[in-house]
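1. Sequence unavailable; structure follows:
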C-alpha cells in the first residue's frame with residue numbers, strides 16, 4: 001500500500017512561523033507537536049495534508065530535540081480553546097528542526113514515525129534552513145497485516161508571506 005501523489009500544504013501563517021523559529025534558533029534544534037488536517041483519496045489514503053498549527057515545546061541542542069508529553073498536557077486545554085479542531089478534525093503529529101543541517105529523517109525520526117503510526121496516520125515534518133533541503137515530510141501507518149510503512153511526501157506547497165506574531169516570540173522565549 002502506498003500513497004498516490006500526496007501533497008503537503010503549508011499555510012502562509014505556519015510557513016512564517018517555521019521560518020521565524022529557524023531564524024531565531026540558527027544552530028539548535030527545536031520541536032513540538034503539530035496538527036494536520038487531511039483529505040483522503042478514494043482508497044482512504046491522504047491526498048492533501050495541511051499543516052494547520054504547531055506549538056514548539058523543546059529547545060534542544062545542536063543535534064537533538066525531544067519534547068515531553070507532560071509539557072503538552074500542561075497547555076493542551078488552552079490550545080483546544082484556541083483551536084477546537086485539535087483532537088477532532090486535526091491529527092497530531094510532530095515538527096522539528098535540523099537548523100542548517102538539511103531536512104531528513106534520522107534514525108530517531110524514523111523510530112518516532114514507527115512509534116506514532118496508527119490507522120488515522122501519523123505525520124512528521126522536519127524543517128531546515130539549508131537551501132534545497134528545507135523540508136522533509138512523511139506519513140506512517142500500519143497496513144492490514146500490522147506492518148508499519150513510512151511514505152515520504154515530496155510535493156510540498158508553500159505560499160510566501162512574512163509576518164512575525166507576538167505569540168511566536170512568547171513561545172520562543174518560553175522554550
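-> Noted; the coordinates are in hand. What you see is a predicted model; the values in this text were computed from it and never measured.
2. Tell me where the model's unsure across the chain.
-> Counting by pLDDT under 70, the chain contains low-confidence residues at 1-4, 159-163.
3. and the residue of the chain positioned farthest from its centre, how far is that from residue 116?
-> Residue farthest from the centre of the chain, counting by CA atoms, centre = their mean, is residue 145 at 26.6 Å. In this view, residue 145 and residue 116 are 19 Å apart by CB to CB, to the nearest Å. (C-beta placed from N, C-alpha, C; glycine too.)
4. ditto for residue 141
-> Distance of residue 141 to residue 116, given as CB to CB: 10 Å.
5. Are there residues contacting both of these two? Which ones?
-> Common contact partners of residue 141 and residue 116 (CB atoms under 8 Å, 6 or more residues apart in numbering): residue 122.
6. Who has more neighbours out of these two?
-> Per other CB atoms under 10 Å, whichever of residue 141 and residue 116 has more neighbours is residue 141, with 21 against 17.
7. The more buried one sits in which helix or strand?
-> Assigned by DSSP states H and E, residue 141 falls within strand 135-142.
8. Can you give the contact residues for that strand?
-> By CB under 8 Å, 6+ apart, strand 135-142 touches 3, 6, 8, 46, 49, 103-105, 113-114, 116-119, 121-128, 148-153, 156.
9. helix or strand right after that strand?
-> The helix or strand immediately downstream of strand 135-142 is strand 148-153, counting by DSSP H and E.
10. That next one - which strands sit beside it in the sheet, and in what orientation?
-> strand 135-142 (antiparallel) (DSSP bridges).
11. Give me the distance between the strand it pairs with and the centre of its chain.
-> Here strand 135-142 is found 10 Å from its chain centre; the criterion is CA atoms, centre = their mean, to the nearest Å.
12. List the buried residues for it?
-> Within strand 135-142, the residues that count as buried by 16 or more other CB atoms under 10 Å are 135, 136, 137, 138, 139, 140, 141.
13. would you list every one of the helices in this protein?
-> 12-24, 69-82, 107-116, 166-174 (DSSP state H).
14. Deepest-packed of those helices, please.
-> The highest mean neighbour count among the helices of the chain, using mean count of other CB atoms under 10 Å, belongs to helix 12-24: a mean of 19.
15. which other helices and strands contact that one?
-> Helix 12-24 sits against strand 46-54, strand 91-97, helix 166-174, with contacts defined as 3 or more CB pairs under 8 Å, 6 or more residues apart in numbering; DSSP states H and E.
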